[in-house]
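Enquirer: next come a sequence and a model predicted from it.
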Amino acid sequence: MEESLKFYTEVLGMVIVEPLESMGPTKGSAVTLKSQGSEQILELNHYEDDSPFCSRYVNGEELDHIAFDVHDLTATVEELKRKRVEVLVEPGAIGGAIGWKEAYVKDPNGIWIELLERK
């Protein structure tokens with residue numbers, strides 16, 4: 001959880017809306033975040049290994065990816081590269097002919113993040 005929280009706040013610039021709190025009997029914790037200037041909420045959850053809610057993330061199952069709008073895709077990706085974020089799909093590799101540009105990066109848990117610049 002700490003690694004993910006650091007990534008989403010320090011690397012992506014999100015702010016904490018509701019601080020990290022324990023969820024008691026679930027043996028888990030949650031924190032709520034949002035991007036500055038947005039009303040969309042992202043809740044990060046973590047469950048201890050012995051929690052009945054704990055399951056290992058497998059890329060391609062259930063959650064496919066999350067997406068964020070950005071104003072300047074190229075500049076955003078270059079900034080993330082400087083912060084050593086893994087870029088999976090470079091800007092312009094897909095999406096350009098259909099009215100937007102997109103790129104994909106990976107968070108510390110392997111979840112793909114789509115960065116989308118709408119034209």
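Expert: Nice, I can see it.
Enquirer: what is the neighbour count of His71?
Expert: 8 (other C-beta atoms under 10 Å). Glycine gets a C-beta too; all of them are placed from N, C-alpha and C.
Enquirer: what about the residue nearest to it when sequence neighbours are not counted, distance to Gly99?
Expert: Spatial nearest neighbour of His71, excluding adjacent residues (C-beta to C-beta, 6 or more residues apart in numbering): Glu117 at 7.0 Å. Distance, Glu117 to Gly99, by C-beta to C-beta, to the nearest Å: 10 Å.
Enquirer: which one's more surrounded, these two?
Expert: The neighbour comparison of Glu117 against Gly99 (other C-beta under 10 Å) goes to Glu117, with 20 against 8.
Enquirer: isn't that one up against Lys101?
Expert: Yes - assessed by C-beta atoms under 8 Å, Glu117 is found in contact with Lys101 at 4.6 Å.
Enquirer: Lys6 sits in which helix or strand?
Expert: For Lys6, the host element (DSSP states H and E) is helix 2-6.
Enquirer: got the CA coordinates for that helix in CSV?
Expert: Extracted in CSV, the C-alpha atoms of helix 2-6 (Å, rounded to 0.1, in the frame of the first residue of the first chain):
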residue,chain,number,x,y,z
GLU,A,2,2.8,2.5,0.9
GLU,A,3,4.5,2.0,-2.5
SER,A,4,1.2,2.5,-4.4
LEU,A,5,0.3,5.5,-2.3
LYS,A,6,3.7,7.1,-2.9
